[in-house]
Structures are given as C-alpha cells and as structure tokens.
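K.L.:
Please find the sequence and the predicted model below.
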Amino acid sequence: MFLRRSTTLKYLIAVPLAIIFYCEWFVFVIQPLFWQELECAESTKCTKILFIADPQIQGDLAVPPPLNVLFSWDSDRYLKSTFSVVLRHFKPDVLVYLGDLMDEGSISSLVEFHSYVKRLSNIFDVYYPIVQIWLPGDNDIGGENEPIRHDKVLEFNKVFDQPSVISFRNITFYKVNSVMYKVPQAPDDADLNVKIAVSHYPVLSKFSYGQQVNKIIHPHIYFCAHEHMSKYYKQTKNFEFKETHLLQSGDPVLDVIFNDEWLYEIFVPTCSYRMGTSKMGYGAAILENSHLKYTVFWSPQRFPYLFVYLVVLIIILIYVFCFCCVKLLSRQQRLVRSEDILPLLHRM
C-alpha cells in the first residue's frame, strides 16, 4: 500500500522515464536546430557529400564481459541515432567513410572482423540508393602502433570491393591509401571532373608523399580523418606556406573556390563519443559549379547523459535500500508488540 500511495515513487518512475525520453530521442531530434544551413542553389547541378570519420565501433576485447555487450550496444545505438538524423536532414548523394571503421579490426579474427562489418551495415543503414566509398584506417588494417596486417588488407578489399577511383556525376573521388602510402592512378578523362582526394591519414602534412599525390592526381581538395578533430589546412601548391584553421560549432559555412594558388585539406571529426573528445560530428559538403561549401553537423555529447543515468540509478537504489530497511524495522516492531499483548501462558 505504501508503494502505491507514495508520491516519491511516482517521481521515481516519472523522472527516469522523462530523462530516457530526452536522452534517447529528443536530444537527437532537436540537434538540427543548431546546425548551419547547407542547401543547394540549383538541385540539378548540386551534389551532396557526407563524410563519416573514425566510428571505431567497440570491439570484443577492450572491455571484459558482460560489460562489453552493454558498451557496444550503447555506442552502436548512439552512432545509429546520430547518423539517421543527419541522413534524413541532409539527404546526401554520396557517403565517404574515411577509415577506422572498427576499433579492433586489425587484431580481430576473421569471424570477429565479419561480425564488426555486419554491425557497421546495421548502424549506417541507408533507406535509399546512394554511392558509398569505403577507406581503411590503421585500426582496420594496422599501420600506426603495429605492422600492417596484409591478411586484413586483403579481407577489407574483399568485403568492401570497389575501385580506388570512383566517378559520380562531375566528381572523381580518389581513394588515397595514406596508411600504405599508395597513390591511385588518374583515369584519362579525370581532368574533366572535379577531383577530390579522400584518405584516412592527412596527406599534405607528409611533405614528400603529399607532393607525390599532388603531382600524380592534382586534386582540387583533400579530405582526411584520423585526428578526431575538425580543422582545415590552407596551403600553397608549392608547399612553402600553410595555415591551420579550427572549425568549431557555430562557425559559418566554409566556402572553397578552386583556384591555382591554394590547396585545402579538411579534417573531418570523429562521429564516435568514445574517442576522448566532446566534439563529434559528420562532415557535410555541397559541390555546385566547382564551388564547394563545407560544414560539420555536430552531434550531442553522450557522457553527460550517461552520468545522469548513473546518478538516477544511485538515487533509486538508495531509495529501495532505505524503503526495505524501514519495512523490515516496522515488521519487527509489529512482531514485538504482538508478543507483548499475548497472555503469559501463551508466551511461555
């Protein structure tokens, strides 16, 4: 009777439900209100490109069971929620995955590797036909703090089977494998299109390799990932002068006009909350008449909401513990009082 009549219990049910509603649905729905507007002037001559960097889905080895199941479920759900909101809002024509798709791809077994690929397909689920470009990162095939795993290189190329040069409308995408220092060869008709070089590691900061890529491909612009932050390089084509600019929430849309003086390399931030940064998002670009506009669709933070869940759980556990203690004490008191009113012979 106490539980049904308690006002405290009503709050303990209503407040957690309201928090779950806000943290798991409402916060994602309102996020587009804080994004910069990125629209095409003429839809027939416009291509929308969405860049996805460093999702690094949780592996099976980082956290011991059974917590690994909980952590993987939460991080996968966060990526799926943020991606679906961006997809509905922006409706891109091309998706470019800039590597580090999985956290333990380079050290996983083939069975684990394919299970991670299956999770990726469930997270980044697209409901309409779209061009998708996949690049490997060091966490997928090795190459940063460990040797490159050639068996994983072969498996990655087998699973994500596509050429290193992909053309769509008036754009040619060059998959620059900066992990293995490979440069794709330009097709004969490439000069007719806008050339975009996409890679996991930054290219222009690697002086000799950057010059090699620029000489062979002559890209109009570069996109990369790996550093988990949002910024861009503006560099002269002779590699003598470079500027670095951060891109933060609230910054205006970046306008890039292709010319013969400057090269741009845009760093796309991670889309995962597990990468030790509070600024996650998806890079979004519009290419229209050789004019590119770029911004970041920022995602909500996750750890503050997980902390709120922990606080609410602790409060509920404290309430349940105190309630049980009170019930036990009151029950013992009733037993003592009932014994006191019994006749002496019955008590003996």
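P.N.:
Cool, got the structure.

K.L.:
Strands of the stretch 1-150 of the chain, start to end?
P.N.:
46-52, 94-97, 131-134 (DSSP state E, counting those that start in this stretch).

K.L.:
Show residues contacting the first one.
P.N.:
Strand 46-52 is contacted from outside by 40, 83, 86-87, 90-98, 124, 168-171, 196, 198, 223, 225, 268, 271, 282-288, using CB atoms under 8 Å, 6 or more residues apart in numbering. Bear in mind the C-beta positions are built from the backbone N, C-alpha and C, glycine included.

K.L.:
now these: which count as buried?
P.N.:
If you count burial by 16 or more other CB atoms under 10 Å, the buried members of the contacts of strand 46-52 come out as 83, 86-87, 90, 92-98, 124, 171, 196, 198, 223, 225, 268, 271, 282-288.

K.L.:
Let's have the strands of the stretch 1-150 of the chain in a markdown table, adding distance to residue 312 and mean pLDDT.
P.N.:
A markdown table is the format used below for those (distance: least, CB to CB, whole Å; pLDDT from 0 to 100):
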| stretch | distance to residue 312 | mean pLDDT |
| --- | --- | --- |
| strand 46-52 | 32 | 95 |
| strand 94-97 | 36 | 97 |
| strand 131-134 | 39 | 96 |
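
K.L.:
could you dump these to CSV with distance to residue 58?
P.N.:
As requested, those are arranged in CSV below (distance: least, CB to CB, whole Å):
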stretch, distance to residue 58
strand 46-52, 16
strand 94-97, 17
strand 131-134, 19
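
K.L.:
quick one: which of these is nearest residue 320?
P.N.:
For residue 320, the closest of the strands of the stretch 1-150 of the chain is strand 46-52, at 42.2 Å, according to CB to CB.

K.L.:
what's the distance between the residue lying closest to residue 92 once chain neighbours are set aside and residue 15?
P.N.:
Using CB to CB, 6 or more residues apart in numbering and skipping the chain neighbours, the partner closest in space to residue 92 is residue 50 (3.9 Å). Counting by CB to CB, to the nearest Å, the separation of residue 50 from residue 15 is 36 Å.

K.L.:
which stretches of the stretch 201-348 of the chain have low pLDDT?
P.N.:
By pLDDT under 70, the low-scoring segments of the stretch 201-348 of the chain are 334-348.

K.L.:
If we use 50, what do you get?
P.N.:
Across the stretch 201-348 of the chain, the stretches falling below the confidence threshold (pLDDT under 50) are 344, 347.

K.L.:
OK, contacts around the most centrally placed residue in the chain?
P.N.:
Central residue check for the chain by CA atoms, centre = their mean: the C-alpha nearest the mean position is that of residue 271, 2.2 Å away. With CB under 8 Å, 6+ apart as the criterion, the residues that contact residue 271 are 52, 53, 54, 55, 79, 82, 83, 280, 281, 282, 299.

K.L.:
ok, residues contacting the helix or strand containing residue 215?
P.N.:
Per DSSP states H and E: residue 215 is located in helix 207-217. By CB under 8 Å, 6+ apart, the surrounding residues in contact with helix 207-217 are 174, 176, 178, 181, 183-186, 190, 195, 197, 203-204, 219, 237, 239, 263.

K.L.:
Could I have the CA atoms of it written out in PDB?
P.N.:
Taking C-alpha atoms only, helix 207-217 is exported to PDB below (Å, rounded to 0.1, in the frame of the first residue of the first chain):
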ATOM      1  CA  PHE A 207      55.800  16.600 -47.300                       C
ATOM      2  CA  SER A 208      57.300  14.200 -49.900                       C
ATOM      3  CA  TYR A 209      54.200  12.000 -50.000                       C
ATOM      4  CA  GLY A 210      51.900  15.000 -50.300                       C
ATOM      5  CA  GLN A 211      53.900  16.300 -53.200                       C
ATOM      6  CA  GLN A 212      53.800  12.900 -54.900                       C
ATOM      7  CA  VAL A 213      50.000  12.700 -54.500                       C
ATOM      8  CA  ASN A 214      49.500  16.200 -55.700                       C
ATOM      9  CA  LYS A 215      51.800  15.700 -58.700                       C
ATOM     10  CA  ILE A 216      50.000  12.500 -59.900                       C
ATOM     11  CA  ILE A 217      46.400  13.400 -59.200                       C
END
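
K.L.:
List the buried residues for that helix?
P.N.:
Of the residues in helix 207-217, those buried by neighbour count under the rule 16+ other CB under 10 Å are 209, 210, 213, 214, 217.

K.L.:
what do you get for stretch 242-259?
P.N.:
Residues of stretch 242-259 classed as buried under the neighbour-count rule (16+ other CB under 10 Å) are 247, 254, 256, 258.
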